[in-house]
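Trainee: I would like the atomic coordinates for the input below:
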Amino acid sequence: SGDFLATRVSYELDLTGPAMTVQSACSTSLVALHLACQSLLAGECDLALAGGVSIRTPQLVAHRNQEGGILAPDGRCRPFDVNAAGTVVGNGVGVLVLKRLADAVADGDCIRAIVLGTALNNDGGAKTGFSAPSVQGQTAVIREALSVAGVSPSDVSYVEAHGTATALGDPIEVAALKEVFQGAPAGACGLGAVKSNFGHLDAAAGVAGVIKTVLSMEHRTLPPTLNFTKPHPMLELEGSPFQVVGSAR
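Mentor: As a prediction, this is how the structure comes out:
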């Protein structure tokens, strides 16, 4: 059962720290990352595994197109694109190995990236519906994450977004980012979403974006957001601090 995933892994690998199976829908693996960081900072453990799993069976499935629904009618996810019409369902697993930086340095570990800060919140009732996001909630959590990290918006050169390519989600996400990054130079920050490559991984969506970002830094390359041609007008990106990464750079 998925309810016992974390404790099963702890049993197989003989891990004796906190073992929690987290479920918060699309943000599951990012919440797991946040909780793992907090556990490390609190001294509850010295090494943590955090991530997400989403595997649907059978693999050969189809979806019925519904006007205004979240699933793309043509099976293509086009984050931020003028032709964005929804997401597609994907399958995947992603896991991060986390340690306190001082311990990783002392142990001679291969350090792929450093987590400077994390933040976690909820929209509460301040949104149009239960499944809808809100600009206020996303703005608050982005600001908190930057504050905890000790980073200003002008220090950020790329944002890996949720980017579902839905008519509701992308404009709200971009509006929140623009609110936080207002005043930053026009086009200074790249914007992308790995969902264009293999769809929405549900509980593993967030960790997939983190892994993509780590690899981007490691290879000093921002990969393209697939299926992108030009920005959707609802995003109002012209003159904003953001430009969608449409080709590798």
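
Trainee: Now do the strands in the protein.
Mentor: Assigned strands in the chain, in chain order: 48-54, 92-98, 158-160, 189-192, 242-244 (criterion: DSSP state E).

Trainee: closest to Val210 out of those?
Mentor: Across the strands of the chain, Val210 has its closest neighbour in strand 92-98 (6.6 Å, C-beta to C-beta). (Each C-beta comes from the backbone N, C-alpha and C, glycine too.)

Trainee: on that earlier part again, is it possible to export the strands of the chain to a markdown table including mean neighbour count, mean pLDDT and distance to Asp123?
Mentor: Output for these, formatted as a markdown table (neighbours: other C-beta atoms under 10 Å; pLDDT from 0 to 100; distance: least, C-beta to C-beta, whole Å):
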| stretch | mean neighbour count | mean pLDDT | distance to Asp123 |
| --- | --- | --- | --- |
| strand 48-54 | 23 | 97 | 21 |
| strand 92-98 | 18 | 97 | 25 |
| strand 158-160 | 20 | 98 | 19 |
| strand 189-192 | 23 | 98 | 22 |
| strand 242-244 | 21 | 98 | 22 |
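
Trainee: These: which one's closest to Ala149?
Mentor: Minimum separation from Ala149 across the strands of the chain (C-beta to C-beta) falls at strand 158-160, 13.2 Å.

Trainee: distance of the residue nearest the centre of the chain from Gly187?
Mentor: Residue closest to the average C-alpha location in the chain (C-alpha atoms, centre = their mean): Gly206, at 3.5 Å. The spacing between Gly206 and Gly187, counted by C-beta to C-beta, to the nearest Å, is 26 Å.

Trainee: Thanks again, I'm all set now.
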